[in-house]
Every structure is written in C-alpha cells, then in structure tokens.
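[1] Would you be able to build a 3D model of this:
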Amino acid sequence: MNKIIAIGAITLFLAGCGASATIDMDTTMAINQTQATSAPLKLIVDGEAVLPTLSPFFLDDKVYVPAKVLMEYYTSEQKWDNNLKTLTISDGSSSYVLKPDNEYMQADGYQTSLEGPAILRNGILYIPADSLNSLSGATAQLNAAETEVLITSGDVSTTVRTPSEPLAIATENDQVKLYAALKDGGTYEGFVVEVNGNKHTFDWEAPRLLSYPPEIHCADVDQDGQEEIVVILWLGTGTGMSMQELHVIKPNQWEEVTVPSADKAASALVTSKISTEKGDALIQIQVKGSTPSMVTLRYPDRAEDGNLGEEAGIGAVTHYIVEEGKLKAETNVYIGFLESIGTLTFAYKPGKDGMEPDSIRFEVHEELASYVEGEQL
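    Prediction:
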C-alpha cells in the first residue's frame, strides 16, 4: 500500500479540501428505516460485484462499507488483532491502523480523519463510504434503484481487475472496445483490446486523464482489405503542449503495425531555418516529398530574441484522427518556448515496413498570416 496515498501529505490534503464521495444522503434516512425488510446492499467496484458476503449498510445518515474494500485498490495485507481490536493494513513498508469507534486512521506519526467512526459489526470492521475519497481517491454513489453502492477507483488507487465498463468503444463497430488492464495511481499500466469478444493485453502506459479519455477506432487504414484497430492515448496537456500516442493493431494476429509518430514522420520531411535580417527574425519552413512547399515568416523586431535558436521545433502539439477510413495526423511547428507558428497535417499510407506519411502540408496559423513573406509555395 505504498499508495494508500503516502497517507500523509496526499490524504490530509484531500481531506482538508473537503473532498468526499457522492453518496446521496437525502435518501438514506428513508432507506435506513426500512433496511430491516430490504435486501442487503451490494458492493460494486469498477463495475464488478466484490466482497459478496460483506454488505454495506446504513447507520443514521451514513453509508458504511467494509474496510476490506481498500484491498480492491492496493496490493496489501490486512491483519485483525482480536485482543487490541485493531485492523492493521500493511504494504510491507508502512502500516496503518483502524480501530472501532475511532474517527481516524493511525499511521506513523500522524492521523488521517474519517467521515465518521469506524464500526465493528459481526467481526468485520466498517468505515464510512465517504472516507474512501480521502483514503483512496475513489468515489461512491447509490445506484438508481438504491440497491447497490457503486465505487469507482480514483487517480491514486490501483486495481488489477479489468472493469466491465470499457474506457472506449469504437464508433465504427461497438464490438471493438478498450479496457484498462491495470490502474496504478495516476497511470494506466496496460490496456486490453477486445474485438468481437476476443481480448488481448498490451503493455502500453499512459496517464489517467479523466478529461481526456483514450479512443479506439476500427478501419482499414493500411488498405489491405482488412480492418485494423487504432488506439489513441492521451499523454498530457498543458501550456503550449498537447500530446497523443498512437497504436495500430492487426486483430487477427494481435500484432502492432509499425507507424512512426506524427512528429518523427514530419521531421523526416520538414526542414527549417531561423535567421535575422534588419532587426527581424526570419523563419523558413521547407516541406519535402511529393508535394514540396516552402514558406517564410518575418517576425518584426525579434532579431535579438536569443530564445528562438537556429531552427524550429516539431511536435509540441500532436493529434491523431481516424476519418473516412484513413488515419490522419497533425502536429505543430513552434519556435522559442513552445510558441506555435503553424500546423503540419498529413494522412498515413502503406509503406515498406508498416505505414508512412503521405504528402505533408504546412499551414501558418491564421493570426500570423500577415508575417508571411510573398506567397506560400
């Protein structure tokens, strides 16, 4: 449980921010009054039923779940001391102690607050579901029928289960799906591709960016008469940067097709030069290939800008698109500190050893059109 969140700084930060699970407490009082005659609540983690003999329950205005649910996120051990009435959670290097009636978890030298007291019931220790957010980053909510507690792993949790709900489904074929094989903190470590019910695991890694989910597509992108699977993973976004990673798979053999990344493919066909003239900076971009072109931009009063360097960079912003059966890419050209000046676009085509870029086109950003010298060739 090296990630029970370094329970020091991270968990205390989360708890201090008031982060909590999303259990709908408006309905709990009514359910609490009738729970004796109702079927036990089920516990669902990442779309799968877990710990079937340990049912969540309501107490006053809180939903309680077994502390063992934490093992769904971490490689850890839990040991109950019947004499001390304590549950120790250990990952081999750190230990955390839960005790009935305590509203905190004790770690080495500090305490992590719970959303209510831990409760010992029928020999099992339970914690408030709302505490899962600060302890593991998970969120919890009741399903519409109010018969299940649904828990979704958060960015700081780990699970080796393949969730029943895919991360992505191909718009071209709903039998083509992408799952996470392993979630380790803020990282996906491995993915599972499913095609018509058949699954295969790949060891790709990518950040878990909930606002930028992975994509999966199905198209004959190499024009061999059989559809390939295209997986697009987000690597990150930030000021002046937006990066994706591309994988193309032959599903019959579960083999990856060699496809150069957009920035490498473009760099092989694009040259640039930055020079100065009369106090201005001149940026020349030359595109080789079947449809060669060249463009020169004059940046006024930038001759003394030492950050520009001697040539432009390629690839701070890279995106992939599957459109009308073709695999397309766009990547930007930038100067200085990620100062984007235009975009290179192309489609991939079959090559000798996989796929390669077709003719590349460079377009200056519209707001810089006035800097272009002469006509763009």
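
[2] who's residue 120 bridged to?
    With DSSP bridges as the criterion, residue 120 is bridged to residue 125.

[3] quick one: contacts of stretch 210-217?
    Contacts to stretch 210-217, defined as CB atoms under 8 Å, 6 or more residues apart in numbering, come from residues 155, 167-172, 176-178, 188, 191, 193, 206, 229-234, 237, 322. All C-beta atoms are positioned from the backbone trio N, CA, C, and that covers glycine.

[4] ok, now stretch 314-321?
    230, 232, 240-244, 246, 261-264, 266-267, 270, 327-334, 338, 340, 343-344.

[5] Which of the contacts of stretch 210-217 fall in helices?
    Among the contacts of stretch 210-217, no member falls in helices (DSSP state H).

[6] quick one, helices of the chain?
    9-16, 28-34, 132-136, 262-267.

[7] Would you single out the least confident of the ones you listed?
    The minimum mean pLDDT among these belongs to helix 9-16 (a mean of 27).

[8] Narrow the contacts of stretch 210-217 to those in strands?
    Secondary structure from DSSP state E places 168-169, 176-178, 188, 191, 193, 206, 229-234, 237, 322 of the contacts of stretch 210-217 in strands.

[9] What pLDDT does the model give residue 93?
    So residue 93 comes in at 67 (pLDDT).

[10] now swap in the one 3 residues further on and tell me
    You'll see residue 96 listed with a pLDDT of 86.

[11] same question, the one 3 residues further on
    On pLDDT, residue 99 comes in at 94.

[12] domains in this protein, as residue ranges please.
    What the record gives for the chain is the domain set 9-158, 162-257, 263-371, from automatic domain parsing.

[13] Switch these over to TSV; also include mean neighbour count.
    Output for those, formatted as TSV (neighbours: other CB atoms under 10 Å):
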stretch	mean neighbour count
domain 9-158	17
domain 162-257	17
domain 263-371	17
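
[14] Comparing these, which yields the minimum mean pLDDT?
    Here the lowest mean pLDDT among these goes to domain 9-158, at a mean of 76.

[15] and that one, how far out from the chain's middle?
    In terms of CA atoms, centre = their mean, to the nearest Å, the centre of domain 9-158 is set 24 Å apart from its chain centre.

[16] what's the nearest residue to residue 281 once chain neighbours are set aside in contact with, if anything?
    Nearest non-adjacent residue to residue 281, counting by CB to CB, 6 or more residues apart in numbering: residue 302, 3.7 Å away. Contacts for residue 302 were tallied using CB under 8 Å, 6+ apart; they are 276, 280, 281, 308.

[17] what do you get for residue 309?
    Residue 309 sits in contact with 274, 335, 336, where contact means CB under 8 Å, 6+ apart.

[18] Looking at these, spot the one nearest residue 256.
    Of all those, residue 335 has the smallest distance to residue 256: 33.8 Å, by CB to CB.

[19] Show me what the closest one is bridged to.
    Bridge pairing for residue 335 - DSSP bridges - gives residue 339.

[20] again with residue 66
    residue 126.

[21] can I assume it is in contact with residue 53?
    No: at 9.4 Å, residue 66 and residue 53 do not qualify as touching, with contact defined as CB atoms under 8 Å.

[22] Which residues are in contact with the nearest residue to residue 266 once chain neighbours are set aside?
    Distance criterion CB to CB, 6+ apart; nearest residue to residue 266, sequence neighbours excluded, is residue 344 at 4.7 Å. By CB under 8 Å, 6+ apart, the contact set of residue 344 is 262, 266, 270, 287, 314, 330, 331, 332, 333, 360, 361, 362.

[23] Hmm, the last one is touching residue 295, no?
    Right, residue 362. Yes: counting by CB under 8 Å, residue 295 is a contact partner of residue 362 at 6.4 Å.

[24] what is in contact with the two at once?
    Counting by CB under 8 Å, 6+ apart, the common neighbours of residue 362 and residue 295 are 285, 342.

[25] got the residue ranges for the strands in the stretch 201-350 of the chain?
    Using DSSP state E, counting those that start in this stretch, the strands of the stretch 201-350 of the chain run over residues 215-219, 228-238, 241-250, 255-256, 270-277, 280-287, 293-299, 313-323, 326-335, 339-351.

[26] export these to TSV and tack on distance to residue 61?
    As requested, the strands of the stretch 201-350 of the chain are arranged in TSV below (distance: least, CB to CB, whole Å):
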stretch	distance to residue 61
strand 215-219	41
strand 228-238	39
strand 241-250	43
strand 255-256	52
strand 270-277	62
strand 280-287	64
strand 293-299	63
strand 313-323	47
strand 326-335	52
strand 339-351	52
